[in-house]
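Asker: Please find the sequence and the predicted model below.
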Amino acid sequence: MELRANSITVTDHDGNPVEVDGYHVDREDREDSTADKGGYDHFMLKEIAEQPRAVADTLLGRVLADGRLNLDEARPALEELHTVEKIVIIACGTSHHAGLIARYAIEHWCRLPCEVEVAGEFRYRDSILDRRTLVIAISQSGESTDTLMAVRHARAQGAKVLAICNVEGSPIPRESDGVLYTYAGPEVGVAATKTFLTQLTMCYLIGLYLAQTREPKSADKIDSVIAQLAAIPEKVEEVLGALDPVRESARSLADAGTVLFLGRHVGYPVALEGALKLKELAYMHAEAFAACEFRHGPIALLEEGLPVVVMVPSPKGHSVLHDRVVSTIQEVRARGARTIVIAEEGDESVRPHSDVLIEIPAVSPLLQPIVSTIPLQMFAYELALAKGNDVDRPRNLTKSVTGE
Ligand code: G6P
């Protein structure tokens with residue numbers, strides 16, 4: 001597999017590959033990611049390391065050389081996009097978290113109402129769907145029963161269903177109106193990692209595509225986000241090279257009973273994902289809150305030494321939210337908690353309040369989850385190892401939950 005930094009292959013209108021800044025992955029290379037550990041101790045570690053390439057593979061062929069997006073493969077669902085009045089995202093587990101992040105992006109870029117719901121609840125609710133509703137079903141395996149049943153329920157009510165999936169030909173894409181594959185390659189570790197990052201990438205592509213098609217936001221702004229998304233595999237690589245502090249901090253917390261995660265805006269679903277990873281892998285009690293809700297109850301949980309992981313919004317992109325989160329960190333620390341802070345590099349305002357500071361590269365604020373999730377994956381991996389758990393096959397879990 002060839003992965004060269006600083007260039008990305010996109011296709012022109014005639015389907016010819018063109019290199020631009022970002023990453024280069026040859027189309028043929030998509031297939032050769034094999035299901036062996038390739039020298040890594042665990043599949044999960046390998047799959048975390050594969051994320052720059054996995055994300056590049058999701059982008060491949062979909063970002064054209066002129067900056068326009070090509071999602072024609074998803075037809076016929078996307079053909080009717082101009083008639084879409086509402087988006088409903090359905091998914092389970094980690095895929096649901098990708099949907100929660102997508103909502104912020106879709107509503108902001110496209111000015112379309114977007115609901116996100118766990119698939120198992122969605123189909124037992126009298127949700128209001130019609131031909132102008134686009135349902136996006138996100139499923140790595142393409143076979144989670146709750147999501148599949150929700151797809152059937154949505155189609156029975158006349159909604160169009162677009163699947164985001166990693167397994168070609170699996171039941172959910174087969175039963176949907178259209179599908180966009182993530183091309184992350186096989187994921188063996190039970191806890192989702194690279195499939196999550198590629199689902200996010202696919203959601204961003206759909207949001208930006210809708211924005212280009214419907215043109216509610218300034219075209220310049222959308223073009224600039226597309227350019228940043230095209231170059232994001234390089235940022236993912238950067239994060240992978242800077243994970244030592246998070247690994248060290250995780251090892252020191254093997255005896256902690258509880259870990260809390262706080263975030264705001266897109267950082268909130270990232271916090272949910274961090275807590276889920278920790279439950280799945282380290283079998284620890286982990287809970288995530290929107291930082292704004294913390295004072296409305298959960299703050300009573302704070303005690304000396306309690307680890308609290310905080311996702312800090314970009315100081316430039318979201319200055320108001322950023323400052324609020326910094327105040328929360330101060331408040332949490334004043335009550336003796338141990339703060340593990342994930343913040344944009346160069347954000348000096350958090351340093352004095354951080355017991356551990358993990359820096360991530362600056363990216364467009366809505367894209368931040370692509371880089372900010374990685375330290376949380378590694379945090380859970382390292383804690384699971386420290387506890388002697390089987391990281392690739394955590395107890396009681398299966399890769400996909402079929403049956404109710
Ligand atoms: C299981 C897995 C999770 C996954 C969820 C949804 O619970 O353990 O890692 O996020 O199913 O799976 P899907 O294949 O539909 O994305």
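Answerer: Thanks, I have the structure now.
Asker: would you list every one of the helices in the chain?
Answerer: Secondary structure of the chain, counting by DSSP state H: helices at 43-49, 51-59, 93-110, 119-122, 145-156, 171-174, 194-214, 219-230, 232-240, 244-251, 267-282, 319-334, 368-386.
Asker: Put together JSON lines for the ones you listed, with mean pLDDT and distance to T398 on each row.
Answerer: The way it works is simple: take the backbone N, C-alpha and C, and place the C-beta from them, glycine included. Shown next, in JSON lines, are those (pLDDT from 0 to 100; distance: least, Cβ to Cβ, whole Å):
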{"stretch": "helix 43-49", "mean pLDDT": "97", "distance to T398": "15"}
{"stretch": "helix 51-59", "mean pLDDT": "98", "distance to T398": "22"}
{"stretch": "helix 93-110", "mean pLDDT": "97", "distance to T398": "11"}
{"stretch": "helix 119-122", "mean pLDDT": "96", "distance to T398": "15"}
{"stretch": "helix 145-156", "mean pLDDT": "97", "distance to T398": "12"}
{"stretch": "helix 171-174", "mean pLDDT": "97", "distance to T398": "16"}
{"stretch": "helix 194-214", "mean pLDDT": "95", "distance to T398": "15"}
{"stretch": "helix 219-230", "mean pLDDT": "93", "distance to T398": "32"}
{"stretch": "helix 232-240", "mean pLDDT": "98", "distance to T398": "27"}
{"stretch": "helix 244-251", "mean pLDDT": "96", "distance to T398": "25"}
{"stretch": "helix 267-282", "mean pLDDT": "98", "distance to T398": "11"}
{"stretch": "helix 319-334", "mean pLDDT": "97", "distance to T398": "35"}
{"stretch": "helix 368-386", "mean pLDDT": "98", "distance to T398": "17"}
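Asker: Could you say which one of those helices comes nearest to Y183?
Answerer: Counting by Cβ to Cβ, Y183 lies closest to helix 51-59 out of those; the figure is 4.3 Å.
Asker: That closest one: which residues count as buried?
Answerer: Under the neighbour-count criterion of 16 or more other Cβ atoms under 10 Å, helix 51-59 has Q51, P52, R53, A54, V55, A56, D57, T58, L59 buried.
Asker: Closest one to V363 out of those residues, please.
Answerer: V55 (12.1 Å).
Asker: and the closest one, what does it touch?
Answerer: Applying Cβ atoms under 8 Å, 6 or more residues apart in numbering, one finds that V55 lies in contact with L197, T198, T201, I232, P233, V236, I370.
Asker: Tell me how many other residues surround the last one.
Answerer: Using other Cβ atoms under 10 Å, the number of residues around I370 comes to 28.
Asker: Assess the claim that it and V363 are in contact.
Answerer: Yes - using Cβ atoms under 8 Å, I370 is in contact with V363, at 7.1 Å.
Asker: How about the contacts made by C292?
Answerer: Residues near C292 by Cβ under 8 Å, 6+ apart: R264, R324.
Asker: again, 10 Å this time
Answerer: By Cβ atoms under 10 Å, 6 or more residues apart in numbering, the contact list for C292 reads L262, R264, H265, Y268, L321, R324, V325, T328.
Asker: With F294 instead?
Answerer: Listed by Cβ under 10 Å, 6+ apart, the contact partners of F294 are L260, L262, A300, L301, L302, V308, V310, T328, E331, V332.
Asker: still on that earlier bit, also near the ligand: which of the contacts of C292, exactly?
Answerer: Under the cut-off given by Cβ under 6 Å from any ligand atom, the ligand has nothing from those close to it.
Asker: nearest to V167, of those residues?
Answerer: Nearest to V167 among these: Y268, at 28.5 Å, using Cβ to Cβ.
Asker: Smallest gap between the stretch 201-350 of the chain and the ligand, at which residue?
Answerer: Closest contact between the stretch 201-350 of the chain and the ligand, by Cβ to the nearest ligand atom, is at E280 (6.7 Å).
Asker: number of nearby residues for the closest residue to that residue other than its chain neighbours?
Answerer: Distances taken as Cβ to Cβ, 6 or more residues apart in numbering put A191 closest to E280, at 4.7 Å, once the chain neighbours are dropped. Taking other Cβ under 10 Å as the criterion, the count of residues near A191 is 27.
Asker: contacting residues around A191?
Answerer: Going by Cβ under 10 Å, 6+ apart, A191 touches 43-44, 47, 93-94, 276-281, 377, 380-381, 384, 391-394, 397, 399.
Asker: right, and S224 touches S218 too?
Answerer: Yes - contact criterion Cβ atoms under 10 Å: S224 and S218 qualify, at 9.5 Å.
Asker: Compare the two and say which is more crowded by neighbours.
Answerer: Legend: neighbour count by other Cβ under 10 Å for S224 and S218, higher for S224 (13 against 10).
Asker: separation between that one and Q157?
Answerer: Using Cβ to Cβ, to the nearest Å, S224 is found at 38 Å from Q157.
Asker: now swap in C292 and tell me
Answerer: Counting by Cβ to Cβ, the gap from C292 to Q157 is 34 Å.
Asker: List, one by one, the residues from the chain near the ligand.
Answerer: Checking the chain against the ligand by Cβ under 6 Å from any ligand atom, the hits are 92-95, 139-141, 144, 147, 190-192, 397, 400-401.
Asker: from these, which ones fall inside strands?
Answerer: Residues of these located in strands (DSSP state E): S139.
Asker: now the residues of the chain next to the ligand: which count as buried?
Answerer: Buried by 16+ other Cβ under 10 Å: 92-95, 139-141, 144, 147, 190-192, 400-401, out of the residues of the chain next to the ligand.
Asker: between those, which is closest to G336?
Answerer: Closest to G336, out of all of those and judged by Cβ to Cβ, is A191, at 30.6 Å.
Asker: Many thanks, have a good one.
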